[in-house]
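Q: 3D model of this:
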Amino acid sequence: MYVQIAVARLHQSWFFAFKQGQATVEHASNSLTADSQLGSSEHVSILPALQAIHQFLKTDPRLPSLQTDTVAGEAVAEDGQAVHNVIRIRPAAGRGAGQNTGRYKGQQGGKKGGKRAWRDEPSWEGGANKHLKFVMLKENMDTQAALTIISRMIHCHMKSFGFAGTKDKRGITTQFVTLWKTPAAKLAALNPRLRGIKLGNFEYASAHLQLGQLKGNQFKILMREVSTDDLQQIASAVAEVCEKGFINYFGLQRFGTGSVPTHRVGAALLRGKWKEAVQLIMQGGDGERQEFREARALFTEKGDIQGALKALPGFLIAERAILQALAKSGPNSYLSALQAIPRTLRSMYMHAWQSFVWNRAASERIRRHGADKVVAGDLVLLQDAAPAASRQVEAVAEPQQQQQEEIEGVEADEADAAEAASAASRLAAVHIVTEAEVAEGRFSIQDVVLPLPGGRVQYPQHNAGWKLYCQLAAADGVLLPGMTQEEFATAAEAAAGGTSEAKQPTAAAAIHNVRDFQLAGLSGDYRKLLHVPTDLGHTVVKYSHRDQDDLLPSDWSELQDSQQKQQKRPKRDAQQQEQQTASADAAGGAAAVDSVRDTVGAEGSRSEPIEQLYCGVVLEFMLPPSCYATMLIRELTKSSTSKASHRELTKSSASKTADHQPLADN
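A: Residues are numbered from 1 along each chain as shown. Down below sits the predicted model:
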């Protein structure tokens, strides 16, 4: 592809017109202005100007490596000369971007040195701060989906973004994001075009955000239709959670929303059952759209790879990666298909299995030893290592988050080496509680941690330790690192009573040599058994309509309301002056109408009778990374968080709504 510069002769003077990148060429032509202004009849050679432009394009370090040549334009003047001499520009063959023959070539050795020298050049509006930091508000979409939309709109790579952790799809969330060398005005201009996303609070920062830097998540949650309006009972329930905490389970969203939980896929991968893993991934979910289910059926029922590939949407990344690999390598190339899934996504399946085992181990630890005291053989983290361990748990618990293999010149091996070094110190900080330490009360139940199984963790030294983990793994046919076949057979026999959702365990563990799907390749980590919130607050609200949507305004809605109030203030002041001159009867009538609206809600003609009031509770609290708010609510309400339970609640709420018809219909 060519980009052309036309050097034109017009009214006996010379000018430059660049069809792409005009500002850069104008910079080059500034030095030629004095010599290129000609008299009315003077004829001057264009050669010096052409040479200057060629020199600029080939040597400026801000440009990629280019090849240029000069050709005559097609138009011809009356004197027979070409009206335009055209400089053609194209990428230099066999050379990458950032290798121009300027001052950076060879300074730091080859391609990497030139690229990093360019990265360090503070020739943009942020100066030495190379990252744009901003707040992203999103609604009904996860972090990756929101950033994908933004990246497509501004034509940048996803690796240019940095963030400390992902936010759930369901809800209105805000978080800090960084973006590599992008002007604030470019992002701010997107706001009118974005739907469900807002960007603001722009500033330039010296470093990008990374996974593991998250300190915590601030929650504000509304629970509707609480079964009691007894303020004392509600306060007592909140106080109990503040005192005793809750079991730090991984939430249901950790295991996916499809019909097949992601931990079952992880177990199949760890067993080396490649075909089974592919079939599980391709099954899809119960609530999926009909056309997506039909697209999956083309593969699962008819074996039509190409037909399924054409019908599946682009956001089903794992499914499309599998189908593309099968189409390329053959319909039975299941291992190749699984390896074609992006690394972060395929790691998610094995991390989900780790989380599933942890949840079951936590239940057994509580059942056997209670939730109020430390026992000998428990594991704790030494105080100095606790914050670091919390960051590592976040990295393990959120594998679907962005794991940047290369962030603008920071190579993957450097990032991996840094992570491995910090992980080694965290994993070495675990301590086994002794009988003497229990007697002296050195640790509390809040200090107890349980391991996520892996190649570098220790297990509790009591009856909820190594043998328990072996049984949980054997129930899924998985061999733990360090576990012998004899131990596996014994554990499988003990687990045969049905302690797992998986099929009946086999007598021998399946062993494979694919490192990507080996449990020994995962270091494992530690997670607190309990979490005790220290800042849990609550507010009881009464409302009259089941679907009233102004009970918990978001930051964005509050900002909009504030702006609207400022805009309407002059008009409102004028209206108030007019109302002061109105009659007392008219003023009283208006006040009565306002009173009814306040009682009924945002819309005065809604369905339920005015006297029907519902009770809601607004909860505000902060949780550390990878700690699930759904588990706090589970403990507070003493209710299940299973899908079946929530479906029943939805049906019940729908039936109650049907019972309340508008007054006009009664």
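
Q: Return the distance of residue 321 relative to residue 272.
A: Computed as Cβ to Cβ, to the nearest Å, the residue 321 to residue 272 distance reads 19 Å. All C-beta atoms are positioned from the backbone trio N, CA, C, and that covers glycine.

Q: Likewise for residue 136?
A: 40 Å.

Q: ditto for residue 339
A: Residue 339 is 13 Å from residue 272, where distance means Cβ to Cβ.

Q: same question, residue 152
A: Per Cβ to Cβ, residue 152 is found 38 Å from residue 272.

Q: swap in residue 242?
A: 46 Å.

Q: Give the residue from those two that has the larger number of neighbours.
A: Per other Cβ atoms under 10 Å, whichever of residue 242 and residue 272 has more neighbours is residue 272, with 18 against 15.

Q: OK, contacts around the more buried one?
A: Contacts for residue 272 (Cβ atoms under 8 Å, 6 or more residues apart in numbering) come out as 510-512, 514, 517.

Q: same check, this time on residue 138
A: 146, 167, 172-174, 196-198.

Q: next one: residue 539
A: 617-618, 620.

Q: Now intersect those residues with the strands, please.
A: Secondary structure defined by DSSP state E assigns 617-618, 620 of the contacts of residue 539 to strands.

Q: Help me confirm that residue 210 is found in a strand?
A: No - per DSSP: H, G, I helix; E, B strand; the rest coil, residue 210 lies outside any strand segment and is coil.

Q: What segments of the stretch 451-600 of the chain are helices?
A: Using DSSP state H, counting those that start in this stretch, the helices assigned to the stretch 451-600 of the chain run over residues 466-474, 485-495, 555-580, 584-600.

Q: May I see the buried residues of the first one?
A: Taking 16 or more other Cβ atoms under 10 Å as the basis for neighbour counts, the residues of helix 466-474 that come out buried are 466, 468-474.

Q: Tabulate those residues (JSON lines), appending pLDDT and distance to residue 377.
A: Formatted as JSON lines, the buried residues of helix 466-474 follow (pLDDT from 0 to 100; distance: Cβ to Cβ, whole Å):
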{"residue": "466", "pLDDT": "96", "distance to residue 377": "10"}
{"residue": "468", "pLDDT": "96", "distance to residue 377": "12"}
{"residue": "469", "pLDDT": "96", "distance to residue 377": "13"}
{"residue": "470", "pLDDT": "95", "distance to residue 377": "16"}
{"residue": "471", "pLDDT": "95", "distance to residue 377": "17"}
{"residue": "472", "pLDDT": "95", "distance to residue 377": "18"}
{"residue": "473", "pLDDT": "94", "distance to residue 377": "19"}
{"residue": "474", "pLDDT": "94", "distance to residue 377": "21"}
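
Q: Apart from its chain neighbours, what residue comes closest to residue 620?
A: Distances taken as Cβ to Cβ, 6 or more residues apart in numbering put residue 537 closest to residue 620, at 4.7 Å, once the chain neighbours are dropped.

Q: For that neighbour, list the residues it contacts.
A: Residue 537 sits in contact with 619-621, where contact means Cβ under 8 Å, 6+ apart.

Q: Provide a list of residues in contact with the nearest residue to residue 364 once chain neighbours are set aside.
A: Among residues not flanking residue 364 along the chain, residue 464 sits closest, at 5.1 Å (Cβ to Cβ, 6+ apart). By Cβ under 8 Å, 6+ apart, the residues touching residue 464 are 361, 364-365, 368-369.

Q: Can you tell me which of the residues you listed comes closest to residue 228?
A: Among the contacts of residue 464, residue 365 lies closest to residue 228 (Cβ to Cβ), at 32.0 Å.

Q: Wait, a helix at the closest one?
A: Yes - per three-state DSSP, residue 365 lies within a helix segment.

Q: Quick check: the gap between it and residue 255.
A: Going from residue 365 to residue 255 by Cβ to Cβ gives 20 Å.

Q: Compare these two (neighbour count), which wins?
A: residue 365 (23 against 20).

Q: Next up, the contacts around the more buried one.
A: Shown in contact with residue 365 (Cβ under 8 Å, 6+ apart): 448, 450, 460, 464, 529.

Q: out of those, which are inside strands?
A: Of the positions in these, 448, 450 sit in strands, assigned by DSSP E.

Q: can I get the contacts of residue 365 in a markdown table with distance to residue 566 and pLDDT?
A: Listed next are the contacts of residue 365 as a markdown table, based on distance: Cβ to Cβ, whole Å; pLDDT from 0 to 100:
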| residue | distance to residue 566 | pLDDT |
| --- | --- | --- |
| 448 | 52 | 96 |
| 450 | 53 | 96 |
| 460 | 59 | 97 |
| 464 | 60 | 94 |
| 529 | 50 | 96 |
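
Q: Distance to residue 191 added to the contacts of residue 365, as a markdown table?
A: Output for these, formatted as a markdown table (distance: Cβ to Cβ, whole Å):
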| residue | distance to residue 191 |
| --- | --- |
| 448 | 47 |
| 450 | 45 |
| 460 | 52 |
| 464 | 52 |
| 529 | 44 |
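
Q: excluding its backbone neighbours, what's nearest residue 641?
A: Nearest residue to residue 641, sequence neighbours excluded (Cβ to Cβ, 6+ apart): residue 634, at 4.9 Å.

Q: For burial, what's the neighbour tally of the one you found?
A: Using other Cβ under 10 Å, residue 634 has 19 neighbouring residues.

Q: Report the spatially nearest residue to residue 372, omitting neighbours in sequence.
A: residue 445 (6.0 Å).

Q: I'd assumed residue 528 was in contact with the one you found.
A: No - Residue 445 is beyond contact range of residue 528, at 9.9 Å (criterion: Cβ atoms under 8 Å).

Q: higher neighbour count, the two?
A: Counted by other Cβ under 10 Å, residue 445 and residue 528 do not tie: residue 528 has more neighbours, with 25 against 20.

Q: Identify the bridge partners of that one.
A: Under DSSP bridges, the beta-bridge partners of residue 528 are residue 449.

Q: Who are the contact partners of it?
A: Contacts of residue 528 (Cβ under 8 Å, 6+ apart): 248, 446, 448-449.
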